[in-house]
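Student: Requesting a structural model of the entry that follows:
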Amino acid sequence: MDITPLVPKDKQVITHYGNGGFVINGVAHKDNILITPDGVAPWPVTGAGDAAPESLAPLFAGELPEIVLIGVGAKFMPLTAGLRAFFREKNVAVDTMDTGAACRTYTVLLAEGRLVVAALIAI
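Tutor: Now for the predicted structure:
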């Protein structure tokens, strides 16, 4: 029995992660990424501690997302007070988790038709 969530073919789906990158719709992406249902871009940070509102701006280029997932790497790390305030001001939900959990959660929320975006540190 296949329990893979059904996601529309025109959406960006994470199928693999690890080895320093991600596979999205069959295309390998090395290093950290920003992903929306419509596209993928490099996320030029060296780690989750470098995340700043400016580095997350591409996630807000289109329609305002319902939820932003931050995959902080292999080990959990909380958001800084400045980032928490940034998301409060935008009135957007944010959830921080290890990158594997963020990839899986992104796919499930996307399959539910939610407007989800993610910033992911490669593991």
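Student: from here on, contacts and neighbour counts on C-alpha atoms
Tutor: Noted.
Student: end to end, how far does stretch 68-85 reach?
Tutor: Terminal residues of stretch 68-85 are spaced 14 Å apart (C-alpha to C-alpha, to the nearest Å).
Student: hmm, who's touching it?
Tutor: Stretch 68-85 is contacted from outside by 47-49, 51-53, 92-103, 106, 116-123, using C-alpha atoms under 8 Å, 6 or more residues apart in numbering.
Student: same question, stretch 51-65
Tutor: With C-alpha under 8 Å, 6+ apart as the test, stretch 51-65 has contacts from 34-36, 43-45, 83, 86, 92, 115-119.
Student: out of the residues you listed, which is most surrounded?
Tutor: Neighbour counts for the contacts of stretch 51-65 (other C-alpha atoms under 10 Å) peak at Ala119, which has 29 neighbours.
Student: Help me confirm that it comes into contact with Ile33.
Tutor: Yes: using C-alpha atoms under 8 Å, Ala119 is in contact with Ile33, at 6.0 Å.
Student: which residues are common contacts for those two?
Tutor: Joint contacts of Ala119 and Ile33 (C-alpha under 8 Å, 6+ apart) are Trp43.
Student: Pull up the per-residue confidence for Arg88.
Tutor: Predicted confidence (pLDDT) for Arg88: 95.
Student: Buried residues of the one helix or strand it maps to, list them for me.
Tutor: Arg88 belongs to helix 81-90 when assigned by DSSP states H and E. For helix 81-90, the neighbour count (16 or more other C-alpha atoms under 10 Å) marks Leu83 as buried.
Student: start at 6 instead
Tutor: Done: numbering now begins at 6, and the last item shifts to helix 86-95.
Student: distance between it and the chain's centre?
Tutor: 17 Å (C-alpha atoms, centre = their mean, to the nearest Å).
Student: ditto for stretch 49-69
Tutor: Relative to the chain's own centre, stretch 49-69 is displaced by 10 Å; criterion: C-alpha atoms, centre = their mean.
Student: Thanks a lot, see you next time.
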